[in-house]
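> Provide a 3D model corresponding to the input given below.
(one chain, ligands or ions: 2)
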Amino acid sequence: MKDTLSVAVEPRLKVLLPLPLAGAYDYRVPRTLSLKIGDFVVVPLNQRDILGVVWDSPTEGESKPVPDHRLRAITAVLPAPPMTESLRRFVDWVAAYTLSPPGAVLRMAMSVPAALEAPTPQAGWVLAGPGGNRQPRITPERQRVLDAMRPGEVQAGGQLAAAARVSLGVLRGMADNGLIRPALLPHPRRFARPDPDHPGPVLGDAQAAAAAALVERVAARAFGVTLLTGVTGSGKTEVYLDAVAECLRQGRQALVLLPEIALSAQWLDRFRARFGVAPALWHSEIGSRTRRDTWRAVAQGEAPVVVGARSALFLPFPDLGLVVVDEEHETAFKQEDGVVYHARDMAVVRARLAKAACVLVSATPSLETLNNAETGRYQALHLPQRHGGATLPAVEMVDLRQAPPERGRFLSPPLIAAVSETIGRGEQAMLFLNRRGYAPLTLCRHCGHRMRCPNCTAWLVEHRAQRRLQCHHCGHAEAPPAECPECGTANSLTAVGPGVERVLEEAIALWPEARRVVMASDTLPGPAAAAAAAQAIQDRAVDLIIGTQIVAKGWHFPHLTLVGVVDADLGLAGGDLRAAERTVQLLHQVAGRAGRAEAPGRVLLQSFSPEHPVMRALVSGDLDAFMREEAAMRRPGHWPPFGRLAALIVSSEDEREAERTARDLGLAAPGGEGVQVLGPAPAPLALLRGRHRRRLLLKTRRDIAVQPVLREWLARVEVPNSVRVQVDVDPVGFL
Ligand code: ADP
Ligand code: ZN
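Ligands and ions are numbered 1, 2, ... in the order given. From the prediction side, this is the model:
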């Protein structure tokens with residue numbers, strides 16, 4: 001008793017490390033360091049030094065604290081702004097919601113370790129000023145340098161030499177002679193302040209009313225979610241840019257999430273037109289230096305507006321006032337590997353923790369979001385008409401049973417006629433097929449053998465231009481064999497079904513004179529190529545656009561008046577929970593590219609089932625009615641959003657191990673009122689990258705949280721090291 005009382009307790013802190021460990025670890029605080037919660041620190045772990053964050057949440061499952069003598073000390077604190085309370089709470093929240101280790105989530109918030117170090121100051125030159133009694137010779141070159149400098153202003157050597165049209169050697173010579181001296185360049189301000197009062201377009205009445213409502217939400221400096229809907233081309237972007245302007249006036253930072261930031265050149269042009277400067281960008285294709293500078297600028301409040309992909313949610317905004325999620329229905333917002341999370345849903349959480357306004361934007365909102373608006377959790381704003389008097393395109397079906405294409409072709413006579421007319425009038429046409437490559441299947445005409453991926457349950461897709469058969473899941477590629485690998489017959493392999501390359505081949509034969517562009521992820525590698533293609537279309541240097549889902553993304557092509565959907569039934573196969581909803585959203589978005597300016601647009605959907613509710617909804621344009629029917633179908637079975645789902649994906653290189661673990665999970669499955677487990681069953685992708693996969697699906701009533709159910713369930717089953725069990729809360733894909 002006496003003993004324990006006399007023990008001096010050394011100060012200790014919890015440090016969370018960006019590693020998939022259980023929770024934060026205790027460390028001793030040396031007297032030489034003064035630390036606060038949120039500080040980035042260096043700590044020893046095993047034989048390594050590692051970066052972490054001083055955390056304040058209780059360590060999960062901690063039974064007794066580590067005794068003092070086993071405690072190791074924090075080594076150093078880094079010269080970076082501490083991680084804010086709201087970001088730390090966000091990391092904890094995402095970890096708890098997705099059942100991920102907090103350290104795995106923290107890693108996303110510390111993705112740029114280099115940004116935590118003080119930036120190395122760059123040296124430049126400054127006028128030496130009077131002093132010394134040397135009289136160096138002033139050559140014309142040296143005079144040009146002196147003319148290019150102002151007293152006290154430090155300039156980078158390269159810049160100065162270029163301005164004075166001299167070599168760097170001239171500068172060094174001037175320094176030797178005491179005319180100029182080296183000095184540190186001031187820390188550059190990377191991002192100019194967007195001007196909220198820069199003159200923007202004059203909003204129409206409906207736009208102005210919606211913008212005013214959003215501005216009010218932002219000015220309230222409190223959390224709230226608003227759904228902004230409106231037909232394609234109604235001008236939603238201009239409306240939410242007004243909310244961004246208000247956020248700037250409030251002196252807070254704004255974040256805009258776009259589903260495919262690399263395809264957003266037109267969006268950036270509009271931002272520049274509205275605010276006079278470009279925003280900060282955040283996505284996987286910015287270089288490491290920009291990444292470091294941007295991260296730091298955000299942390300220091302010097303990046304007023306960030307436009308980014310989902311990972312931008314984890315940037316260290318000190319005062320976030322607005323989060324916009326554009327095209328909120330897009331499945332690209334779901335991250336499927338590592339920490340599995342939905343950026344749209346996490347954006348709402350990020351906004352709540354930061355006391356910021358959140359705006360979800362879409363012409364075709366998800367049923368989840370519509371339901372939240374209906375039940376009053378979200379405010380709803382709607383723009384009923386296209387901007388500038390443009391009308392919505394007329395959508396017609398082409399029944400492929402009545403108007404089939406020629407044998408071995410994929411474009412029907414009515415669609416061919418419509419394209420010919422359109423480009424004959426000097427307008428642009430688009431053919432949409434959501435499939436890359438030449439053909440999705442290669443088959444032996446002699447024995448029926450199908451070319452499949454050795455690592456995945458998938459056919460190999462032919463990419464004829466590159467003379468390759470390729471797996472779209474694992475990247476496996478091989479040259480097309482000259483003879484069938486099964487029966488050995490020569491020249492027996494034949495392409496089955498179309499991809500965009502094959503549609504292009506058909507288009508070349510039909511319209512040899514037309515100027516064409518193919519927009520697919522493999523034909524437009526990177527943002528610059530996509531921007532160039534979009535520019536060519538805008539400049540009318542293209543007559544015919546052939547593309548995959550890339551063409552559905554928010555583009556504004558004023559001269560495009562015809563959209564032909566080559567296979568409208570494509571997304572309905574497989575039939576997962578949201579197949580119909582997603583097909584309606586995608587095709588409506590594609591259709592929405594047509595007729596956005598004066599000339600009216602027309603859309604032709606080729607289908608074998610024109611009577612399907614999805615096709616009827618697209619023709620009538622009454623998506624509200626379609627979504628009401630979807631809701632009515634999902635409600636009784638407690639399917640989302642009227643119930644909750646979580647998937648367990650069991651995988652192993654050893655099929656029996658995967659099978660056994662899946663069976664054990666099935667035997668230990670939770671049950672009871674409002675809780676149901678489906679499976680285990682082989683995943684549709686039963687083999688992926690060489691791993692055998694089984695799936696289980698937990699379905700609960702909406703008032704039951706899945707996380708505690710999952711935690712208890714997983715704790716009951718022992719999982720061998722060779723087996724991985726991935727948890728996917730609110731699954732979007734079911735492969
Ligand atoms: P949505 O996002 O709703 O599909 P956009 O925001 O892309 O629609 O707007 C469609 C087109 O109309 C864009 O080219 C946009 O610049 C233009 N536009 C929208 N609102 C205005 C306005 N008030 N004044 C001028 N042009 C506008
Ligand atoms: Zn594969």
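> Burial check on the residue of the stretch 551-700 of the chain found nearest ligand 2, number of neighbours?
Among the residues of the stretch 551-700 of the chain, Arg689 lies closest to ligand 2, at 6.5 Å counting by C-beta to the ion. To be clear about C-beta, it is placed using only N, CA and C from the backbone, and glycine gets the same treatment. Under the neighbour criterion other C-beta atoms under 10 Å, Arg689 is assigned a count of 16.
> swap in the one 5 residues further on?
The tally of other residues near Arg694 (other C-beta under 10 Å) stands at 26.
> likewise Ala490?
10.
> contacting residues for it?
By C-beta atoms under 8 Å, 6 or more residues apart in numbering, the contact set of Ala490 is 482-483.
> Show me what it bridges to in the sheet.
Glu483 (DSSP bridges).
> Distance-wise, check it relative to Arg88.
65 Å (C-beta to C-beta, to the nearest Å).
> And for Pro393?
Distance from Pro393 to Arg88, by C-beta to C-beta: 48 Å.
> swap in Pro199?
In terms of C-beta to C-beta, Pro199 sits 40 Å off from Arg88.
> The two - which one has more neighbours?
Taking other C-beta under 10 Å, Pro199 and Arg88 do not tie; Arg88 has more neighbours (23 against 9).
> Please list the residues of this protein that sit near ligand 2.
For the chain, the residues in contact with ligand 2 (C-beta under 5 Å from the ion) are 453, 455-456, 471, 473-474, 476.
> Where does the stretch 351-500 of the chain get nearest to ligand 1, residue-wise?
Nearest residue of the stretch 351-500 of the chain to ligand 1 (C-beta to the nearest ligand atom) works out as His387 at 4.0 Å.
> So what does the residue lying closest to that residue once chain neighbours are set aside look like in phi/psi?
Setting aside the residues directly before and after it, His387 is nearest to Gly235 in space (C-beta to C-beta, 6 or more residues apart in numbering), at 3.9 Å. With angles defined as degrees, to the nearest 10, Gly235 sits at phi 90, psi 40.
> Gly235 - how many residues pack around it?
Neighbours around Gly235, by other C-beta under 10 Å: 20.
> I figured it was touching Val202, is that so?
No: here Gly235 lies out of contact with Val202, judged by C-beta atoms under 8 Å, at a distance of 11.0 Å.
> list the buried ones in whatever helix or strand Leu146 lives in?
Assigned by DSSP states H and E, Leu146 falls within helix 140-147. Within helix 140-147, the residues that qualify as buried are 142, 145, counting by 16 or more other C-beta atoms under 10 Å.
> Which strands and helices lie in contact with the helix or strand just after it?
Next helix or strand after helix 140-147 toward the C-terminus (DSSP H and E): helix 157-164. For helix 157-164, the packing partners by 3 or more C-beta pairs under 8 Å, 6 or more residues apart in numbering; DSSP states H and E come out as strand 123-127, helix 140-147, helix 168-176.
> what's next to the shortest one, contact-wise?
Outside strand 123-127, the residues that touch it by C-beta under 8 Å, 6+ apart are 146, 149-157, 160, 171, 175, 179-185.
> From these, list just the buried residues.
149, 154-155, 157, 160, 171, 179-180, 183, 185.
> Any idea which of those the model trusts least?
When these are compared by pLDDT, Leu185 scores lowest at 81.
> surely that residue meets Gly158?
No: applying C-beta under 8 Å, one finds Leu185 not in contact with Gly158, separated by 11.4 Å.
> ok, the residue lying closest to Lys36 once chain neighbours are set aside - contacts?
Nearest residue to Lys36, sequence neighbours excluded (C-beta to C-beta, 6+ apart): Pro82, at 6.1 Å. Neighbour list for Pro82: 36-40, 54 [criterion: C-beta under 8 Å, 6+ apart].
> Out of the residues you listed, grab the one that's most surrounded.
Neighbour max across the contacts of Pro82 (other C-beta under 10 Å) = Val54, 24 neighbours.
> helix/strand/coil for that residue?
strand (DSSP: H, G, I helix; E, B strand; the rest coil).
> In contact with the closest residue to it other than its chain neighbours, which residues are there?
In this structure, Val54 finds its nearest non-sequential neighbour in Asp39, 4.7 Å apart by C-beta to C-beta, 6+ apart. Asp39 is in contact with 53-54, 77-78, 82-83, counting by C-beta under 8 Å, 6+ apart.
> State the pLDDT value of Asp39.
96.
> separation between it and Val29?
Asp39 is 11 Å from Val29, by C-beta to C-beta.
> per-residue pLDDT, the spatially most central residue of the chain?
Per C-alpha atoms, centre = their mean, the C-alpha nearest to the average position across the chain is that of Ala309, at 3.7 Å. Looking at Ala309, its pLDDT reads 94.
> for it, what are its contacts?
257-261, 282-284, 343.
> Any of these buried? List them.
Using 16+ other C-beta under 10 Å, the buried members of the contacts of Ala309 are 257-261, 282-283, 343.
> Go through these and say which is closest to ligand 2.
Among those, and counting by C-beta to the ion, the member closest to ligand 2 is Glu260, at 23.4 Å.
> isn't the closest one right up against Phe333?
No: Glu260 is beyond contact range of Phe333, at 10.3 Å (criterion: C-beta under 8 Å).
> Identify the contacts common to the two.
If you check Glu260 and Phe333 against C-beta under 8 Å, 6+ apart, no residue is contacted by both.
> coming back round to it: report the mean confidence score over the helix holding Leu146.
92.
> Put the alpha carbons of that helix into CSV.
The C-alpha trace of helix 140-147 is given here as CSV (Å, rounded to 0.1, in the frame of the first residue of the first chain):
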residue,chain,number,x,y,z
PRO,A,140,25.9,46.5,-69.1
GLU,A,141,25.0,43.0,-67.9
ARG,A,142,25.4,43.9,-64.3
GLN,A,143,23.4,47.0,-64.8
ARG,A,144,20.5,44.9,-66.2
VAL,A,145,20.7,42.8,-63.0
LEU,A,146,20.6,45.9,-60.8
ASP,A,147,17.7,47.3,-62.8
